[in-house]
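# just coords:
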């Protein structure tokens, strides 16, 4: 719509990137230097070559095998976790495609545990959280792809099943949600090394909730933060510009 053209992003260095270069026949693109949303006006130049190389190196048979493996991995994990968590959007045969969605909303309604609690607790188990609250709010979307082996798939499933047991402890009243390792996750090294430990669970439960964490521990660099506050209040941690100034005088070549 032409009336929305003034709100399209521009580019500080190359205003023409939002004008004639992008095609101005319809009168929609308007050259301007403000409102940039990315350093590269046309996106990442590496996206298409990477995809092209992946396809060319695998070939037709390789692509089919990779796709089949990704679908198999996703269905294996969904089958292991189904029952502990509700799996959304399965087909008539109960299967999914290359990814699946775990619905945490019933658990939230019953216990107060949120998808963010689970995502943060996964860090203590050595995992970066899957996609959270997309495309459905209150869910986790798991996409194992074709690159993970069976041991890694099982490790993630074991972590999610252990977290479900922690959720059940809250639901049964064994521990309150505010005092639980879920609500206080992730646990940093500073937490464990502190002389003060007034939580009802042990340091071992906090930082080493699974056997594999002792052999290969990932330490989160910071604990729980207020995500909503961070989204609404910009806090710049960049050093001042004078840090980047060169103290050496420019050398002039005669």
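Yep, it's here. A quick note: this is a predicted structure, and the numbers were derived from the prediction, not measured.

# now what about the lowest-mean-pLDDT helix or strand in the chain, what contacts it?
Within the chain, no helix or strand scores below helix 227-232, which has a mean of 86 by mean pLDDT, DSSP states H and E. For helix 227-232, contacts defined as C-beta atoms under 8 Å, 6 or more residues apart in numbering pick out residue 116. (Glycine included, C-beta is placed from N, CA and C.)

# same check on stretch 198-213?
By C-beta under 8 Å, 6+ apart, stretch 198-213 touches 124-126, 155, 158-159, 162, 175, 179-181, 184, 187, 189, 191-192, 197, 214, 217.

# are any of those buried, and which?
Buried members of these, scored by 16 or more other C-beta atoms under 10 Å, are 124-126, 155, 159, 175, 180-181, 184, 187, 191.

# please compute how far the least confident helix or strand of the chain lies from its chain's middle.
Distance of helix 227-232 from its chain centroid, counting by C-alpha atoms, centre = their mean, to the nearest Å, is 17 Å.

# likewise for stretch 90-99?
Distance, centroid of stretch 90-99 to centroid of chain: 23 Å (C-alpha atoms, centre = their mean).

# can you check stretch 234-245 too?
On C-alpha atoms, centre = their mean, the centre of stretch 234-245 falls 26 Å from the chain's centre.

# what do you get for stretch 147-161?
17 Å.

# sort out which residues of that stretch are buried, please.
148, 153, 155-157, 159-160.

# before we move on, back to that, of the buried ones among the contacts of stretch 198-213, closest to residue 246?
Lowest distance from residue 246 to the buried ones among the contacts of stretch 198-213 (C-beta to C-beta) belongs to residue 191, with 40.5 Å.

# any figure for the gap between the closest one and residue 223?
Counting by C-beta to C-beta, to the nearest Å, the separation of residue 191 from residue 223 is 7 Å.

# equivalent analysis for residue 214, please.
Taking C-beta to C-beta, one finds residue 214 at 21 Å from residue 223.

# and if you look at residue 94?
From residue 94 to residue 223 the distance is 39 Å (C-beta to C-beta).

# those two: which has the busier surroundings?
residue 223 (14 against 11; other C-beta atoms under 10 Å).

# quick revisit: switch the buried ones among the contacts of stretch 198-213 over to TSV; also include secondary structure.
As requested, the buried ones among the contacts of stretch 198-213 are arranged in TSV below (DSSP: H, G, I helix; E, B strand; the rest coil):
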residue	secondary structure
124	helix
125	coil
126	coil
155	helix
159	helix
175	coil
180	coil
181	helix
184	helix
187	coil
191	helix
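
# report the two of those residues separated the most.
Across the buried ones among the contacts of stretch 198-213 (C-beta to C-beta), the longest gap, 24.8 Å, separates 155 and 175.

# residues near residue 57, how many?
9.

# so where is this structure shaky, pLDDT-wise?
1, 16-29, 39, 41-43, 247-254 (pLDDT under 70).

# quick one: the helices in it?
For the chain, helices defined by DSSP state H occupy the ranges 47-81, 105-111, 115-124, 150-171, 181-184, 189-193, 203-207, 212-215, 227-232.

# nearest to residue 243, of the ones you listed?
Of those, nearest to residue 243 by C-beta to C-beta is helix 227-232, at 23.6 Å.

# gap between residue 152 and residue 206?
For residue 152 relative to residue 206 (C-beta to C-beta), the value is 23 Å.
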